[in-house]
Structure formats: structure tokens, C-alpha cells
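Undergrad: pasting a predicted model and its sequence here:
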Amino acid sequence: MSKKTKVNAAILIIGNEILSGRTQDTNTSTLATWLNSIGVKVNEVRVIPDVEKTIIDTLNILRKENNYVFTTGGIGPTHDDITAESVAKAFSLKYEVHKEGYKILEAYYKPGEFNEGRQKMIWMPENAELILNPTSGAPGFSVENVFCLPGVPSILKSMLGGLKNKIVGGEPILSHSISLRTVESEIATAITEIQNRNTNVEIGSYPFFHAGKLGVSIVLRSEDQSKIDECNSQILKYINEKKIEVVDR
């Protein structure tokens with residue numbers, strides 16, 4: 001894949017505990033930041049429950065529409081961890097013990113600790129490739145363009161380094177932020193005009209509340225630093241004319 005190719009991904013967060021609000025999702029931010037840094041643009045993120053049909057149907061849509069799909073959650077040892085079996089069904093593959101994974105976990109646990117519950121973690125789709133886990137032993141896995149990672153944020157983070165050689169990205173997506181002491185309605189028309197003139201730059205505006213005052217962060221994103229610089233100078237020209245204050249955050 002050449003550097004000029006647009007490479008995209010979807011993130012599929014699986015777990016009732018995310019939907020109930022009991023657990024806060026930080027994996028989206030971790031994955032999206034990492035993917036952007038290696039030139040993979042995240043097209044969409046979906047959060048779905050631990051329901052087999054929902055996982056299968058969603059996965060079959062996302063894997064056809066994106067170069068990569070990353071799932072998080074549902075690959076642990078408990079009864080509601082059904083991601084691996086659902087992925088096997090989505091690809092019409094056998095669901096079986098991964099021999100290499102078995103050896104890794106057998107060596108990881110003390111004798112007698114590698115019980116039936118823990119053995120569930122090395123049931124995977126046939127011929128799945130392992131994603132090694134330097135934190136807690138239990139590996140993730142990939143099938144074609146689908147990469148299945150655990151839901152525990154610290155473990156997921158530790159496994160990304162091992163994926164670097166398996167993901168082919170385009171140009172890294174660069175960003176630049178300008179924080180302003182203003183409100184979105186004051187700058188919306190001007191930002192829209194600047195966006196229309198700079199189609200190679202994605203411009204986002206995000207309100208913030210800092211030190212008791214409202215503000216707006218303008219974030220410029222592109223694969224081309226010179227396009228960001230050009231767009232940035234147009235925004236600075238406008239805010240200087242309007243005497244809008246730039247703030248440090």
C-alpha cells in the first residue's frame with residue numbers, strides 16, 4: 001500500500017458495561033490517537049452489547065467498508081465474553097483451541113492455575129493470528145482485517161506496539177490547535193468560509209471551559225503540514241482583525 005493511499009478503520013467497542021455507563025470507554029481515544037499517528041483514519045466508532053447476532057452483523061458491515069476493524073472487549077474468561085466465537089461465525093470459521101495460544105498461557109500460569117475458565121481465552125477462530133500480550137499473558141487475535149483486543153485499557157495499550165508491523169497506514173495525520181476566548185456562534189461563519197477554501201484540511205471546533213471562562217479550540221487536521229500552516233495563517237489573520245484573544249491551555 002503506497003503512502004498516498006487513504007487507509008481507514010472502524011472501532012467496535014463491545015460490552016454491556018460500556019452501554020450501562022458502569023465502565024468508561026477510554027479505548028476509543030487510545031486506538032484513534034495511535035491509528036492517526038500511523039496514517040490510518042478512523043471512519044467510525046460503534047458501541048454494541050454482548051449479543052452474538054449484533055456482533056456478527058456489525059462486524060460483517062464494518063469489515064467490508066474499512067481497511068481495518070478493531071474490536072475491544074469480550075475476549076476474557078467469563079460466560080459473557082463471546083467476541084471470539086462471534087468473529088468465528090462472522091467469517092464462517094471453526095471455533096477451536098489455538099495451539100500456540102494454549103502453550104503461551106500454559107507457560108504463563110503456575111501449575112494448576114490454568115483452569116477451564118482461563119482456557120476459554122485461547123478458544124479462537126481457526127487459523128487466527130495471535131496478538132501478543134506483554135501485560136497479562138492472554139493474547140488477542142486477528143482474522144484477515146479484523147483485530148480483536150481486550151477491553152481493559154492498560155492491557156490494550158500495551159498490545160499496540162506488537163501490531164505496528166501488521167498495519168499498513170498512509171501518511172500520518174497531523175494536527176494543530178488554536179484555543180480562543182470566544183464562543184462558536186461568533187466564529188462559525190468565518191470558519192465555514194475558511195473550510196471551504198481549504199478542502200485538504202479538516203477543521204473542527206470544540207468548546208471548552210477553562211479557568212471559569214468559555215472558549216473554543218480550533219483543531220486543524222491534514223496529512224500535509226504546509227496546508228495546515230496555510231489554513232492556520234488565514235485563521236490567525238481573521239482573529240487578529242476581530243481582536244479575538246488566543247489563550248494557552
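TA: Cool, got the structure.
Undergrad: so which bits of stretch 46-60 are buried?
TA: For stretch 46-60, the neighbour count (16 or more other Cβ atoms under 10 Å) marks 46, 48, 50, 55-56, 58-59 as buried. C-beta: built from backbone N, CA, C; applies to glycine.
Undergrad: can you give me the end-to-end distance of it?
TA: 13 Å (Cα to Cα, to the nearest Å).
Undergrad: for the residue nearest the centre of the chain, what are its contacts?
TA: The centroid of the chain falls nearest to L31 when counting by Cα atoms, centre = their mean (3.1 Å). Counting by Cβ atoms under 8 Å, 6 or more residues apart in numbering, L31 makes contact with 11, 42, 70, 72, 156, 160.
Undergrad: N16 now?
TA: Contacts of N16 (Cβ under 8 Å, 6+ apart): 49-50, 80.
Undergrad: can I get the residues you listed in CSV including secondary structure and pLDDT?
TA: Output for those, formatted as CSV (DSSP: H, G, I helix; E, B strand; the rest coil; pLDDT from 0 to 100):
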residue, secondary structure, pLDDT
P49, coil, 97
D50, coil, 96
D80, coil, 92
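Undergrad: identify, from those residues, the entry nearest to D224.
TA: P49 (40.2 Å; Cβ to Cβ).
Undergrad: please report how far the closest one lies from I18.
TA: Counting by Cβ to Cβ, to the nearest Å, the separation of P49 from I18 is 9 Å.
Undergrad: what of D224?
TA: 35 Å.
Undergrad: same check, this time on K237
TA: Counting by Cβ to Cβ - K237 and I18 are separated by 43 Å.
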